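Q: Structure for this input, please:
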Amino acid sequence: MRELIGAMESSDDPAAAALRVIDHFDHLVEERATITAVVRATAALAGCPAGLHDGERGDVRRFDPEGKQLPGTEQAASARLSVPGRIGTWVWIERPGTQQAGSLDSLILERAARTVQALHRSISRTPDSLARVACDPDTTESDRRSAAQALGLSAPVTVVVSTSPGLPVPHATTMGRYTVALAAEAPALPFGLRAGTAVAKDLAELPATLDRAAAAFRLTDRLDGPGPSLLGYEDLGACAALAERFTPQDAAAVPDVQSLDEALATHPWVVDTLQAALDQTSLRQAANSLHVHHSTLQERLAWVENRIDIGLTRPGGRQRAAVAVALWRIAHCEDAAPGR
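A: The predicted structure follows:
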């Protein structure tokens, strides 16, 4: 949004700025954004507070240009426009009396009203849209609960995050690069699925639970790897903090992660070897899981200790190796937060 506003402010071509506004609102429709997100966008694009009065719900939503929620009482509007097909619903922008109307105010309001109209229609009919609203942190708690209940969900709800296109779980939708599914009970996930899960004890927690399930997914191994490809956030304990607080970029900058990447260029078994040795109770079991002779595994671990300075038998060596492997997974998770 800030990039869009910067491009508008630096543009000398009114037509180009208008096209950017239209494209942004069209994108909100394509992404099935929430009504709250539309009001936020209206305020940001206009550079002043904006609001929506919902005739059906009888509530008001107002935000300032920075996205901060304002008191839900309708203020004097410098411009207002009704939403087609929705009696008693309108959007507005609030410019101080001394501030001139913007050249794009009429267009911003017109596109906002049309976007609200389109999203109300899709939200009321599409399970995919309902799932998005239920997990969207920008929507109101009331809307989130209504969307979840319209899907037949009641707490607790298990959120499943995967990159598999066809999850055998009800209420699945696509968010960015992820497939996200909501299940009223603990779902029986099939073998051969790479996914992260988390449990929402209350419907209001669904957005935060989606983030927790995504954090668990970042720590999963590939399907044919020695590590777990299915992880529940509740089982991660302190390890969850790594996935929640380190971005892929942060993790990639850690020296141990960089050392692993350098080693992988010529020794592709490095991460798998460390993972197996960390997960199994003996080197023989670790070797069996990797389908190599135990003497081969010992040689590999010796190589890792000499070249990367990570030795599992040293004091603190296992902890260092476990953190390095976890951060390596985060760095290579190709993360994109579930789109909203």
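Q: low-scoring pLDDT stretches of the stretch 151-300 of the chain, where are they?
A: For the stretch 151-300 of the chain, applying pLDDT under 70 flags the ranges 166.
Q: Moving C-terminal from the longest helix anywhere in the chain, which element do we reach first?
A: Across the chain, the helix with the greatest residue count (assigned by DSSP state H) is helix 105-125. Using DSSP states H and E, the helix or strand that follows helix 105-125 towards the C-terminus is helix 127-135.
Q: On the three-state scheme, Leu167 is what?
A: coil (DSSP: H, G, I helix; E, B strand; the rest coil).
Q: Are there helices or strands packed against the longest helix of the chain, and which ones?
A: Where contact means 3 or more C-beta pairs under 8 Å, 6 or more residues apart in numbering; DSSP states H and E, helix 105-125 is packed against helix 14-30, helix 35-46, strand 79-82, strand 90-93, helix 127-135. For the C-beta atoms, the positions are set from N, CA and C on the backbone; glycine is no exception.
Q: Could you export the ones you listed to TSV, including columns for distance to Ala155 and mean neighbour count?
A: TSV is the format used below for the helices and strands packed on helix 105-125 (distance: least, C-beta to C-beta, whole Å; neighbours: other C-beta atoms under 10 Å):
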stretch	distance to Ala155	mean neighbour count
helix 14-30	29	15
helix 35-46	22	24
strand 79-82	37	17
strand 90-93	33	24
helix 127-135	12	23
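Q: Tell me which residues of the longest helix of the chain come out buried.
A: For helix 105-125, the neighbour count (16 or more other C-beta atoms under 10 Å) marks 105, 107-109, 111-120, 123 as buried.
Q: So Pro190: helix, strand or coil?
A: Under three-state DSSP, the three-state class of Pro190 is coil.
Q: cool, and Gly196?
A: strand.
Q: Write down the beta-bridge partners of it, one by one.
A: On the basis of DSSP bridges, Gly196 is bridged to Val161, Leu231.
Q: Quick check, it in contact with Leu210.
A: No. Assessed by C-beta atoms under 8 Å, Gly196 is found out of contact with Leu210, at 10.1 Å.
Q: Pull up the overlap in contacts between these two.
A: Common neighbours of Gly196 and Leu210 are listed as Val161 (criterion: C-beta atoms under 8 Å, 6 or more residues apart in numbering).
Q: quick one on the thing from earlier: ok, of the buried residues of helix 105-125, which one's closest to Arg222?
A: Taking C-beta to C-beta as the measure, Arg222 sits nearest to Ile123 out of those, at 36.1 Å.
Q: And that closest one, what's its pLDDT?
A: Ile123 carries a pLDDT value of 54.
Q: With the one 5 residues further on instead?
A: In this prediction, Asp128 carries a pLDDT score of 77.
Q: do Arg57 as well
A: As summarised for this prediction, Arg57 has a pLDDT of 68.
Q: Equivalent analysis for Asp136, please.
A: For Asp136, the predicted pLDDT is 79.
Q: Count the neighbours of it for me.
A: Burial measure for Asp136: 24 neighbouring residues, criterion other C-beta atoms under 10 Å.
Q: quick one, what contacts it?
A: Applying C-beta under 8 Å, 6+ apart, the residues near Asp136 are Ala33, Thr34, Thr36, Ala37, Arg144, Pro207, Arg340.
Q: what's around the second one, how many residues?
A: So that's Thr34. Around Thr34 sit 24 other residues, with neighbours defined as other C-beta under 10 Å.
Q: Please tell me I have it right and it contacts Val133.
A: Yes. Assessed by C-beta under 8 Å, Thr34 is found in contact with Val133 at 5.8 Å.
Q: related to what we said a few turns ago, for Ala238, which of the helices and strands packed on helix 105-125 is the nearest?
A: Of all the helices and strands packed on helix 105-125, helix 127-135 sits nearest to Ala238, with 25.5 Å by C-beta to C-beta.
Q: Output that closest one as PDB, nothing but the C-alphas.
A: Extracted in PDB, the C-alpha atoms of helix 127-135 (Å, rounded to 0.1, in the frame of the first residue of the first chain):
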ATOM      1  CA  PRO A 127     -17.400 -21.000   1.600                       C
ATOM      2  CA  ASP A 128     -13.900 -20.000   0.300                       C
ATOM      3  CA  SER A 129     -14.600 -16.400   1.200                       C
ATOM      4  CA  LEU A 130     -16.100 -17.300   4.500                       C
ATOM      5  CA  ALA A 131     -12.900 -19.200   5.400                       C
ATOM      6  CA  ARG A 132     -10.900 -16.200   4.500                       C
ATOM      7  CA  VAL A 133     -13.000 -13.900   6.600                       C
ATOM      8  CA  ALA A 134     -12.800 -16.300   9.500                       C
ATOM      9  CA  CYS A 135      -9.000 -16.200   9.500                       C
END
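Q: List of residues touching the helix or strand that it is followed by?
A: The C-terminal neighbour of helix 127-135 among helices and strands, as given by DSSP H and E, is helix 141-150. By C-beta under 8 Å, 6+ apart, the residues outside helix 141-150 that reach it are 34-36, 57, 123, 130-131, 133-134, 136, 139, 154, 157, 182, 203-204, 206-207.
Q: ok, 10 Å please
A: For helix 141-150, contacts defined as C-beta atoms under 10 Å, 6 or more residues apart in numbering pick out 34-36, 54, 57, 59, 61, 123-124, 127, 129-140, 153-155, 157, 171, 182, 184, 200, 202-207.
Q: again, but for stretch 294-305
A: So stretch 294-305 is contacted by 259-260, 263, 267, 269-274, 276-277, 280, 282-290, 292-293, 310-314, 317, 321 (C-beta under 10 Å, 6+ apart).
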